[in-house]
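**Q** with the sequence up front, the predicted model follows.
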Amino acid sequence: MKSYTKMILKGIRASLFIALGVAVLLTIGNPIGPFLFAVGLLAVCTINYGHLFTGLCGYINNKEKVLEGMIILIANLISGFIFGWLLSIANPALQEVAITKVNSWLDINILSFFIRSCFCGVIMYLAVDIYKQTSSPFGILLGVPAFIFCGFQHSIANMITCGVAHSINYTIPLCVAGNWLGSYITRKLS
C-alpha cells in the first residue's frame with residue numbers, strides 16, 4: 001500500500017508550483033504569462049516534485065488509482081485555495097484581477113465551460129504523456145500556453161485563482177469532471 005501521507009504532501013507541493021504559475025499569469029497576463037505558467041508543470045513532471053490531479057487523472061484505471069486520484073485531488077484543491085489566499089496577502093493587487101477572472105467563469109454557458117474543461121484535460125494528458133514517453137518538456141512548454149490561450153479551464157489553477165479572489169463557485173466541480181473526462185477519453189483513444 002502506498003503512503004497516503006507522502007501522496008498528500010506531493011499533492012500540496014504540486015499545488016504550490018501551480019500557484020506560482022497562477023501568480024505569474026495574474027501578474028503579467030498575456031502573452032508572456034502563459035509561457036511562464038508552464039514552469040509549475042515542468043517542476044511536477046521533470047523532477048517528480050509533486051502529484052497534480054490534472055496530470056494524473058487520465059491514468060486512473062482501477063479502484064486503487066481512483067482512491068489515489070481522489071486523495072491527490074483533495075490535497076490539490078484544499079492546498080491550492082490556501083496558496084491562492086496567501087498570494088492575495090503577498091500581493092493584494094492580484095485579488096482584483098482574480099475576482100474579475102472568477103466572476104467571468106459565471107458568464108460562460110455551463111456546457112461551454114464543461115467542454116473547455118474537457119479540452120484542457122486533453123491537452124494536460126498529452127503534455128504529461130509526451131513527457132513520460134520522451135522525457136522532453138516540449139509537450140508541457142506548448143501545451144500549457146495552448147490551454148490558457150484557448151480559454152480552456154484547469155481545475156487546480158482555477159481553485160488557486162478562487163483562493164486569490166477569496167471566493168469559490170460551482171465551476172470548480174464542473175471543471176474537475178471535465179478535466180478528468182478529457183484526459184480519460186484521450187487515454188482510451190491512444
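**A** Right, received. Where do you want to start?

**Q** residue contacts, the residue nearest the centre of the chain?
**A** The centroid of the chain falls nearest to Ile156 when counting by CA atoms, centre = their mean (3.6 Å). Going by CB atoms under 8 Å, 6 or more residues apart in numbering, Ile156 touches 14-15, 18, 52-54, 76-77, 80. Just so you know, the C-beta spots here come from the backbone N, C-alpha and C atoms, and that holds for glycine as well.

**Q** just the buried ones from those residues, in ChimeraX syntax?
**A** A single ChimeraX command is used to select the members of the contacts of Ile156 judged buried by 16 or more other CB atoms under 10 Å:
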select :14,15,18,52,53,54,76,77,80
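
**Q** restricted to helices, list the contacts of Ile156.
**A** 14-15, 18, 53-54, 76-77, 80 (DSSP state H).

**Q** JSON lines for these, including distance to Gly139?
**A** Converted to JSON lines, these look like this (distance: CB to CB, whole Å):
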{"residue": "Ala14", "distance to Gly139": "17"}
{"residue": "Ser15", "distance to Gly139": "21"}
{"residue": "Ile18", "distance to Gly139": "17"}
{"residue": "Phe53", "distance to Gly139": "18"}
{"residue": "Thr54", "distance to Gly139": "14"}
{"residue": "Asn76", "distance to Gly139": "20"}
{"residue": "Leu77", "distance to Gly139": "24"}
{"residue": "Gly80", "distance to Gly139": "23"}
